[in-house]
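1. need a 3D model of the sequence below.
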Amino acid sequence: MANQKITAKGNSLSRRQFLASGAGGVAAFMIVPRHVLGGPGNTPPSEKLNIATIGAGGMGSANTNACRNENIVGLCDVDDRRAKETYERFPNARRWKDFRQMLEKQKEIEAVIIAAPDHVHAPAAMAAMKRGKHVYVQKPLTRTVYEARMLTEAARKYKVKTQMGNQGRSGEGVRLICEWIWDGAIGDVREVHAWTNRPIWPQGLDRPKDTPPVPAELDWDLWLAGSPLRPYHPCYLPFSWRGWWDFGGGALADMACHVCDPVFAALKLKYPTSVQAEATEVNDETFPKASTVTYEFPAREGMPAVKLVWYDGGRKPERPAMLEEGRSLEQASSNVLFVGDKGLLRCGETGDSPRLIPEALMKEYKRPAKTLPRVEGGHEQNWVDACKGKLEAACSHFDYSGPLTEMVVMGNLSLRREIVGAKLLWDGRNMKVTNNDVANEYVNLPARKGFGLDEV
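-> You can find the predicted model right below:
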């Protein structure tokens, strides 16, 4: 009801305007409780959203600032030094170190931005959704297939608005790529290559043996969250945690939710049928320095079966014969190459600057009409608009970004030391590797007490 319009003589009035105008007799004299008009899960468009951020430093600072026209009411970070700038920018927001306490005690919170390290995403998002809060979760949505599936199902159960922080999803490029591919610009696509310059942090490392003191401004126990206990070391913070199995997802999880988004969307992908990885030396602590991961997907919706190959650590595909001499294959630090039976399509890491190859094909191609809705105001605003009922859903809602994340982290599963090199046959619907029992142990990982998805 809160999002419906009441129309009279062709004029559209919001519910609030209707009540204020005196229409409907005694309605104007009633004090209507906030929960009738909106509240968690159904916030009226005319009100500002009460937003809190978990992981207020780093990327969380940028996400929060993008929502500065709303009410920033809570900021949670385990590292006071990292969050200092955000604290100063929003001095009226309550400050917290433990997201569980914030969500339990600060009742006015309606929506939550989650931009802490990857291992915090799932428990923080689940804790928020269970309490009816809308959530914006930085990419990758989770570290494991199971976590991604549970968040996707929870979003439906609790009827909250969701968004994963893969900002390219709101851009023009991914929509152009979908429209061109569906228009047959390069014919049927049976092969795609995606690559990145990541990692740009150390990988291929063993755990340090020295144990320096924990900085006074950092709550190390809370930083670890559900990951196993280990001594503090500066090699993990503030950014290099991405390369460690217990905390991040390496180059693949860091970038594939951006780079493979236009592939996932344009080719209407969901669950791969198999995944196989090849890499430099792998250990139990960190991701390898370089890897190649090959996914196979079945035919779907009139499209043929397709192979998607991911490269990182400086690896990349061979230069295609169709690419003219003197033209670069790379648009950016991360890239995608769609291989069709009529030509190629190249783009940068978030679908930006799509270009057909050869150039003659690009020049003669008559672009189709723009049929997909465009996003206005940016990725965070797209989520805010959904929270307020202006949109049915944000563009990277969990029913989309959950399966995308499952695909990405399934690739990481294939990089485990005991598994790398083996071709894993995947039953996506049932979240099960059908030919490797060891691999199934990594579909879901145990969490330290107090941070399990059923505990938060």
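2. tell me the SS of residue 156?
-> helix (DSSP: H, G, I helix; E, B strand; the rest coil).
3. just the pLDDT for it.
-> We note a pLDDT of 98 for residue 156 in this prediction.
4. identify the residues contacting it.
-> Listed by CB atoms under 8 Å, 6 or more residues apart in numbering, the contact set of residue 156 reads residue 399. Where you see a C-beta, it was placed from the backbone N, CA and C, and this is true even at glycine.
5. what about the nearest residue to residue 393 once chain neighbours are set aside, neighbour count?
-> Among residues not flanking residue 393 along the chain, residue 386 sits closest, at 5.7 Å (CB to CB, 6 or more residues apart in numbering). Residue 386: 23 surrounding residues under other CB atoms under 10 Å.
6. from residue 115, how far out is residue 386?
-> Distance, residue 386 to residue 115, by CB to CB, to the nearest Å: 18 Å.
7. tell me what the helix or strand harbouring residue 123 is packed against?
-> Element membership for residue 123, per DSSP states H and E: helix 118-130. Packing partners of helix 118-130 (3 or more CB pairs under 8 Å, 6 or more residues apart in numbering; DSSP states H and E): helix 99-105, strand 111-114, strand 134-138, helix 145-158.
8. okay, these in JSON lines with distance to residue 410 next?
-> Listed next are those as JSON lines, based on distance: least, CB to CB, whole Å:
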{"stretch": "helix 99-105", "distance to residue 410": "27"}
{"stretch": "strand 111-114", "distance to residue 410": "22"}
{"stretch": "strand 134-138", "distance to residue 410": "18"}
{"stretch": "helix 145-158", "distance to residue 410": "6"}
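9. and the ones you listed: which comes nearest residue 239?
-> The closest of the helices and strands packed on helix 118-130 to residue 239 is strand 134-138. By CB to CB, the value is 13.2 Å.
10. contacting residues around that closest one?
-> Counting contacts by CB under 8 Å, 6+ apart, the residues outside strand 134-138 that touch it are 40-41, 49, 55, 59-60, 63, 110-115, 121, 124-125, 128-129, 151, 155, 160-165, 380, 383, 386-387.
11. repeat that for 7 Å
-> 59, 63, 110-115, 121, 125, 128-129, 160-165, 380, 383, 387 (CB atoms under 7 Å, 6 or more residues apart in numbering).
12. ok, then the element right after the lengthiest helix in the chain?
-> What stands out as the longest helix in the chain, according to DSSP state H, is helix 398-413. Going down the chain from helix 398-413, the next helix or strand is strand 423-427, by DSSP H and E.
13. next, the angle helix 145-158 makes with that following strand.
-> Relative orientation of strand 423-427 and helix 145-158, computed by axes from the mean of the first three to the mean of the last three CA atoms, to 10 degrees: 20 degrees.
14. neighbouring strands - and their directions - for strand 423-427?
-> strand 274-279 (antiparallel), strand 432-433 (antiparallel) (DSSP bridges).
15. what's the last one in contact with?
-> Pointing back at strand 432-433 there. With CB under 7 Å, 6+ apart, strand 432-433 has contacts from 424-426, 439-440.
16. now the residue nearest to residue 393: which helix or strand?
-> helix 379-387.
17. what comes up buried for that helix?
-> Of all the residues in helix 379-387, those buried under the rule 16 or more other CB atoms under 10 Å are 379-387.
18. how about stretch 413-425?
-> 413-416, 419-420, 422, 424-425.
19. nearest to residue 252 among these?
-> Within the buried residues of stretch 413-425, proximity to residue 252 (CB to CB) peaks at residue 415, which comes in at 7.7 Å.
20. in contact with that closest one, which residues?
-> 277, 279, 282, 287-288, 291.
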